[in-house]
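Student: Predicted model and sequence below, questions to follow.
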Amino acid sequence: MDIVVCIQNISINDLSSILERIGCDGELSYIGYRVSHIIYFTWKKLRSIWRNWIDSDRCPWLMLGDKMLKTLTNKISNMTGAEILRFKKREKNHFLISIILIMAVYVYGGVSNNPLIYWSAFIVMVVLVLLHVLRLAFIEKWVRNILCEHIDLDRYQNIFEHYSAYGQNRARRSKSSQAFYFINIAQIYYLRGDFEESLKMLGEFTPTDFNSIQTQSIARYYYLEFLNKVFNRDSYDLQHYVSVLSTIPTKFQNQKELISQQVNVIKMIDSIVTEKIPITISVESGNNHLEQVELCYYKALNYLNQNQP
C-alpha cells in the first residue's frame, strides 16, 4: 500500500507535516530539530499572547516578522541539497567574518581602556552568536518543509543521504547520530510504502542508541515499527507496543502528550484493521494538513470495512 500515492490522490495542496507523529522532525540533526522546535512554538505562543493585547494588522513589526519567516521558509524549502549546503556555508562564513571584526573592536576597546567600545562590542558579539544559532536552527526546521509541505521524498532523501551531518561522514558519528539518521530514512521508506525496507532501516540500530534526552525519537522508533508491521501485514503484539510507549520516561508535558497521542493512534489503527468496528474519526483534529490527510485515509478505510464505500 503506497501511502504517498494515497495522499497525492486526495490533494497535494493539502499536505503538511506527518513527522510530529512518525518522526523527524526532518531536521538534519537532533539538536537542530529540538532547538528550532522550541523556538518556533515559543514564537507562536508569544505572538498569540501579543495578539490578545493588540490588533496584529496594526503592528508593523509583527507583520514583518511573519513575512520574513514565511519568505525564508519558502526559500529554503525550494532549494536542492547542494544549494542548502552552500547556503549554510555562506551563513557560517558571514558569521565568522562578523565575529572577527567585532572581536577586533572588542580587543581595541580593552587595549584603549574604553568601556563603552569594550562592552558594546561584547553585547554585539553575544547577539550575533544568538542570531546565528537561531538562524541555523530555523534552517533545520525549514528543511523539513521539503517533506512536510512539498512531500518531495526524492529531494528530502537526497539531502539526508548526501548533505546531512551523518550522511557526509558516517565513520566519525556517534551511535545517537546514526540512529537519528536511520530513523529518518526509515520514515521516508514508510511514506513511499516500502514497509520492508523501512523495517530494515529500523533494524540498523536499537532504541538504546539514542541519548536519554531523545525521548521522542525512542517513541518514534516503536510507533514507526508498529505502523510498518500493520501495513506490511506482519504479526504484531498490540499490548507490547502500548506498554512500551506508555512506560517511556518523559520530562516534559509535550512529550507526554505526543506519546499519549501515538498510543491512541495505534489503538485506533488496530481497531480499524483487525476488529473492523465503527470508529468516529475527526479529520479536523489533525495538527497539520498531512495528518488530516492521514486521518482521512483511516476514516475511508474504516468506512470500507463497514461496507460503506
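Tutor: Perfect, thanks for sending it.

Student: so where do the helices sit in the stretch 1-150 of the chain?
Tutor: Assigned by DSSP state H, counting those that start in this stretch, the stretch 1-150 of the chain shows helices spanning 3-10, 19-22, 30-53, 60-77, 81-111, 115-148.

Student: Confidence-wise, which of those is weakest overall?
Tutor: The minimum mean pLDDT among the helices of the stretch 1-150 of the chain belongs to helix 19-22 (a mean of 35).

Student: Just list the residues touching the residue nearest to residue 232 when sequence neighbours are not counted, thanks.
Tutor: Spatial nearest neighbour of residue 232, excluding adjacent residues (Cβ to Cβ, 6 or more residues apart in numbering): residue 195 at 3.8 Å. In short, each C-beta sits where N, CA and C put it, glycine included. Contact analysis of residue 195 by Cβ atoms under 8 Å, 6 or more residues apart in numbering lists 189, 228-229, 231-232.

Student: Just among those, which is most surrounded?
Tutor: Greatest neighbour count in those, by other Cβ atoms under 10 Å, goes to residue 228: 24 neighbours.

Student: so what's that one up against?
Tutor: When contacts are counted by Cβ under 8 Å, 6+ apart, residue 228 touches 186, 190, 195, 198-199, 202, 234.

Student: for residue 290, helix, strand, or coil?
Tutor: helix (DSSP: H, G, I helix; E, B strand; the rest coil).

Student: isn't it right up against residue 148?
Tutor: Yes - counting by Cβ atoms under 8 Å, residue 290 does reach residue 148; the two are 6.8 Å apart.

Student: Would you mind measuring from the closest residue in space to residue 228 that isn't next to it in sequence to residue 265?
Tutor: Distances taken as Cβ to Cβ, 6+ apart put residue 195 closest to residue 228, at 4.4 Å, once the chain neighbours are dropped. To residue 265, residue 195 is 17 Å away according to Cβ to Cβ, to the nearest Å.

Student: residue contacts, the residue lying closest to residue 72 once chain neighbours are set aside?
Tutor: In this structure, residue 72 finds its nearest non-sequential neighbour in residue 142, 6.6 Å apart by Cβ to Cβ, 6+ apart. Residue 142 makes contacts with 72-73, 75-77, as judged by Cβ under 8 Å, 6+ apart.

Student: Where does residue 294 sit: helix, strand or coil?
Tutor: Under three-state DSSP, residue 294 falls in the helix class.

Student: Count the neighbours of it for me.
Tutor: Using other Cβ under 10 Å as the criterion, residue 294 is surrounded by 22 other residues.

Student: Residue numbering should commence at 37 henceforth.
Tutor: Understood, numbering begins at 37; the last thing we discussed is residue 330.

Student: So for it, what pLDDT did the model give?
Tutor: Looking at residue 330, its pLDDT reads 77.
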